[in-house]
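Engineer: Below are the sequence and a predicted model for it; my questions follow.
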Amino acid sequence: MSIIGWIILGLLAGAIAKVLLPGRDPGGLVGTTLTGIIGAFLGGWISSRFLDRPISNDFYDTATWVAAIGGSLVLLIVYRLLFGNSRERR
């Protein structure tokens, strides 16, 4: 996959993760994209390391999307555990 493919995958995976886990998170287009891209790498690493299922570099592979969305969800959950109360409205 090219850099553009990773950016598109990251944007969509981050957006899907935020829809599945709504709340106050660092956001905007750039934040969502970075969450998705980092989540894709994290999900791919978890999948290959612990589940013994390496991820292919194909954009249309279902396992790639599941890993990217799952990794993004993990990032959002960790972010909320670490910084959940600091983003409260005052």
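Structural biologist: Sure, I can see it.
Engineer: Poorly predicted segments of the protein, please.
Structural biologist: Where the chain drops to pLDDT under 70, the residues are 1, 25-27, 53-59, 85-90.
Engineer: rerun that using 80 as the cut-off
Structural biologist: Along the chain, segments meeting pLDDT under 80 span 1-3, 5-7, 22-33, 43-64, 83-90.
Engineer: which one is the residue nearest to the spatial centre of the chain nearest to, not counting chain neighbours?
Structural biologist: Centroid check for the chain by CA atoms, centre = their mean gives Ser72 as the closest residue, at 2.2 Å. Using CB to CB, 6 or more residues apart in numbering and skipping residues adjacent in sequence, the residue nearest Ser72 is Gly39, 3.1 Å away. (C-beta placed from N, C-alpha, C; glycine too.)
Engineer: That neighbour - how many residues pack around it?
Structural biologist: 25 (other CB atoms under 10 Å).
Engineer: hmm, back to that, separation between the residue nearest to the centre of the chain and Leu34?
Structural biologist: Remark: distance between Ser72 and Leu34 (CB to CB, to the nearest Å) = 10 Å.
Engineer: what about the closest residue to Val74 other than its chain neighbours, which helix or strand?
Structural biologist: Spatially, and ignoring its direct neighbours in sequence, Val74 is nearest to Leu42 (6.2 Å; CB to CB, 6+ apart). According to DSSP states H and E, Leu42 maps onto helix 28-50.
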